[in-house]
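Q: fold the following and give me the result.
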Amino acid sequence: MYKKEEPPLRFSGKKMPGDKRFDFLAFHGTAGSIGIEAKNIREWIYPDRGEVKELIQKALASDSVPVLIARRIPYVTFRLLEACGALLFENYNQLYPSADAELAKQAAQKDLLGYHDIRTGNQPNDRLLKFIAETVPARADEARARFNKYRDLLDQFATGQLRYPGFAARVRRREQGQPEDADAQPEPDFDPNDYEEGGEW
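A: Okay, the predicted model is just below:
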């Protein structure tokens with residue numbers, strides 16, 4: 001077990017919205033601040049979830065490159081958020097501290113919840129260590145450039161001015177160098193939970 005020091009609400013002249021904080025805060029020499037959110041929950045993190053919008057809001061308010069770590073992240077979330085400058089890591093496991101080993105064992109039992117992907121322990125695995133120590137620093141500058149390029153669309157999405165379909169369409173058109181209002185029309189009802197892996201977004 002360890003004692004975690006909470007990231008500050010104000011840093012480098014920037015103030016976080018309300019009393020919201022990142023789970024972790026890092027600094028990169030040229031990319032600046034990096035806000036890291038670790039969501040150790042069972043639900044898949046789709047683009048329209050509150051956790052995503054809150055991460056974007058905090059990243060915009062603090063001018064930080066957003067980083068999302070979660071148990072399961074579908075392709076559509078990777079595709080959309082990485083285009084906008086976020087860095088994502090899928091852990092594949094729900095983690096329990098060693099102190100909760102008995103609870104984790106019960107949750108994993110087939111005749112109870114049957115969560116086969118539960119892991120116990122207080123140390124990060126090698127994949128996560130590599131992501132934090134190597135991938136994030138190596139990709140921070142390119143992520144910063146994309147974040148700056150798409151921050152207007154991120155803001156409109158996080159504040160509800162753009163719903164998911166319009167946000168995704170505008171990101172796609174901007175990526176392809178097309179006029180973003182070229183095929184503007186009323187947004188259809190769309191549930192990203194209906195998205196099929198490997199399909200278009």
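Q: state the helix or strand in which Ala138 lies.
A: Assigned by DSSP states H and E, Ala138 belongs to helix 136-158.
Q: hmm, who's touching that helix?
A: For helix 136-158, contacts defined as C-beta atoms under 8 Å, 6 or more residues apart in numbering pick out 26, 28, 30-32, 34, 53, 56-57, 59-60, 65-67, 82-87, 161-162, 164, 167, 170-171, 174. For every residue, glycine as well, the C-beta is placed using N, CA and C.
Q: quick one: average pLDDT of it?
A: For helix 136-158, mean pLDDT rounds to 97.
Q: so how far is the very next helix or strand once past it from its chain's centroid?
A: For helix 136-158, the following helix or strand on the C-terminal side (DSSP H and E) is helix 164-175. Relative to its chain's centre, helix 164-175 lies at 18 Å (C-alpha atoms, centre = their mean, to the nearest Å).
Q: mind giving me the packing neighbours of helix 164-175?
A: helix 75-83, helix 136-158 (3 or more C-beta pairs under 8 Å, 6 or more residues apart in numbering; DSSP states H and E).
Q: sorry, back to before: what residues of the helix holding Ala138 count as buried?
A: Within helix 136-158, the residues scored as buried using 16 or more other C-beta atoms under 10 Å are 136, 139-140, 143-144, 146-147, 150-151, 153-154, 157-158.
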